[in-house]
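*Asks:* Below are the sequence and a predicted model; questions follow.
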Amino acid sequence: MVATEWWSRHGGLSTFNRELCRALAAVGAQVYCVVINATDGEIADAQAGNVTLLCRPATPGVPEYAQLTRRPQLPNGIVPDLVIGHGRITGPAAEVLVSDYFPVARRLHFIHTAPDEIEWHKLDRAHDAALRAEGRTEVERLLGAGAHRVVVVGPRLHNRFLREFSGMGAPDPLRIDPWFDTADPTPRTPPAGAPLNVLLVGRTEDAQLKGLDLAARACGKVAVWRENARVSPISLLVRGAPRDAATDQREQLLSWAANPRLDVMVRPLSSDQQRLAADMTRSSLVIMPSRSEGFGLVGAEAITMGVPTLVSEASGLADFLREKLDGETAARVVVPMSGDDDEDTARWARAIDAVMNDRPSAFRRAAELRNALAGKATWADAAAKLLGEAAGRG
């Protein structure tokens, strides 16, 4: 595995890589993960899951990323069967490792995002969105075309990249559906106390893409309704701000909410998994109002924890839920998106209010949803599919 880090300091990709490493080890693979650097705590955490972290000491004057392209210091006699890279982030390093050091290994290229969907919502970037989208899509196509196999998570990315690789002579992308197996099937109960917490986890620099404005506006409306009804107030907790920008992000969220009485809390992005789990445990609802999402790991994590969850229709997770569940059950979790901000705000407000008005039923349905998905999409199945790509190699 080629990654930039073990713990998730920079978002969901690292979380996915970490869980995938553990899943591969759990089904019997010998797993080594190349990272730029690692603390003693990270090394111990990986070892607890039978994963060995590999990192080279930094060389003065050499960019950090170049460390991923140096020959990993594997034990004597160990030659990898598979080398896995993640998109344009570590896919290029994986390609270098295979071409320069491990030519008999099979390279798997994971694609986690669809640039032609998401770049249009990153309006604060320096370069034109169309140029970014085309350039980043082409990088994925070229890295994928040279790999043994492209791998994607969920139906949304699978359908998109079936099209992108059409006519290139490459095998169809391999789809995996991990995440929903859990070691703790105990049903949760609504957390005590007030205000009732609504949680959104996402990088706040990508506010439009992640739908932070929709979340704030919707929660602002719900707060007014609940105040008029004289029931417990709600709060909005957003986890994912840069450490030096949380205060500014809070002011922006309050401006979007148009309700100074809404309790808004902004927390920095954190690599502490216990802290993130505590955020969900204390919350009555997790929302994922993204305008575009290749899959939606935060929503999948919340469902697996048994916390009531609402996800945007414009996500791979929504497509997956509609594919695996009956229409009524999926409709309780998936919020339709029209592209009209006023209409979408109203839909999210109604959906949030419905959960908050009957939390015991919402938590009961969340447990039923987790149990229904636990047997349909597991890390063990995903790991077995990937190891199957190494079987029978000549």
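*Replies:* Received the coordinates, thanks. Numbering: from 1, shown residues only.

*Asks:* Run through this structure and note the low-pLDDT ranges.
*Replies:* Low-confidence segments of the chain (pLDDT under 70): 123-126, 183, 391-394.

*Asks:* For the residue most central in space within the chain, list the residues it contacts.
*Replies:* Most central in the chain under CA atoms, centre = their mean is Leu297, positioned 3.1 Å from the mean C-alpha point. Leu297 makes contacts with 12, 15-16, 179, as judged by CB atoms under 8 Å, 6 or more residues apart in numbering. Every residue, glycine included, has its C-beta placed from N, CA and C.

*Asks:* And it, how far from Val104?
*Replies:* Note on Leu297: its distance to Val104, by CB to CB, to the nearest Å, is 32 Å.

*Asks:* Please, where are all the helices along the stretch 1-150 of the chain?
*Replies:* With DSSP state H, counting those that start in this stretch as the criterion, the stretch 1-150 of the chain has helices at 12-26, 40-48, 87-100, 115-118, 129-145.

*Asks:* Can you dump the C-alpha atoms of the shortest one in CSV for me?
*Replies:* Taking Å, rounded to 0.1, in the frame of the first residue of the first chain, the C-alpha atoms of helix 115-118 are listed here in CSV:
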residue,chain,number,x,y,z
PRO,A,115,-13.0,15.4,-10.9
ASP,A,116,-15.6,16.3,-13.5
GLU,A,117,-18.2,16.3,-10.8
ILE,A,118,-16.4,18.0,-7.9
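
*Asks:* Quick one: distance of that helix to the chain centre.
*Replies:* Taking CA atoms, centre = their mean, to the nearest Å, one finds the center of helix 115-118 at 16 Å from the center of the full chain.

*Asks:* what's in contact with that helix?
*Replies:* Contacts for helix 115-118 (CB under 8 Å, 6+ apart): 132-137, 140, 160, 209, 292, 294.

*Asks:* Could you export those as a markdown table, including neighbour count and distance to Arg267?
*Replies:* Below are those laid out as a markdown table (neighbours: other CB atoms under 10 Å; distance: CB to CB, whole Å):
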| residue | neighbour count | distance to Arg267 |
| --- | --- | --- |
| Arg132 | 18 | 29 |
| Ala133 | 18 | 30 |
| Glu134 | 14 | 35 |
| Gly135 | 13 | 33 |
| Arg136 | 18 | 29 |
| Thr137 | 20 | 33 |
| Glu140 | 23 | 32 |
| Arg160 | 19 | 32 |
| Leu209 | 20 | 19 |
| Ser292 | 22 | 24 |
| Gly294 | 24 | 24 |
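
*Asks:* my guess is Ala38 meets Arg56, correct?
*Replies:* No - taking contacts as CB atoms under 8 Å, Ala38 lies outside contact range of Arg56: 10.9 Å.

*Asks:* Domains in the protein, by residue range?
*Replies:* What automatic domain parsing lists as the domains of the chain is 12-178+378-388, 196-374.

*Asks:* Out of the ones you listed, the one nearest Pro187 is which?
*Replies:* Closest of those to Pro187 is domain 196-374, at 4.0 Å (criterion: CB to CB).

*Asks:* how about the strands of the stretch 101-250 of the chain, start to end?
*Replies:* Remark: strands assigned in the stretch 101-250 of the chain by DSSP state E, counting those that start in this stretch are 106-111, 149-153, 174-176, 196-201, 234-241.

*Asks:* so how far is the fourth one off the chain centroid?
*Replies:* Centre-to-centre, strand 196-201 and its host chain are 17 Å apart (CA atoms, centre = their mean).

*Asks:* need the contact list for Pro72.
*Replies:* 32, 34, 54, 97, 101 are the contacts of Pro72 under CB under 8 Å, 6+ apart.

*Asks:* Settle this for me: the first one is touching Ala3, isn't it.
*Replies:* So that's Tyr32. No - the criterion here is CB under 8 Å, and Tyr32 misses it with Ala3 at 10.9 Å.

*Asks:* more neighbours, these two?
*Replies:* Ala3 (25 against 20; other CB atoms under 10 Å).

*Asks:* which ones are touching the more buried one?
*Replies:* Counting by CB under 8 Å, 6+ apart, Ala3 makes contact with 13-14, 17, 33-35, 86, 90.
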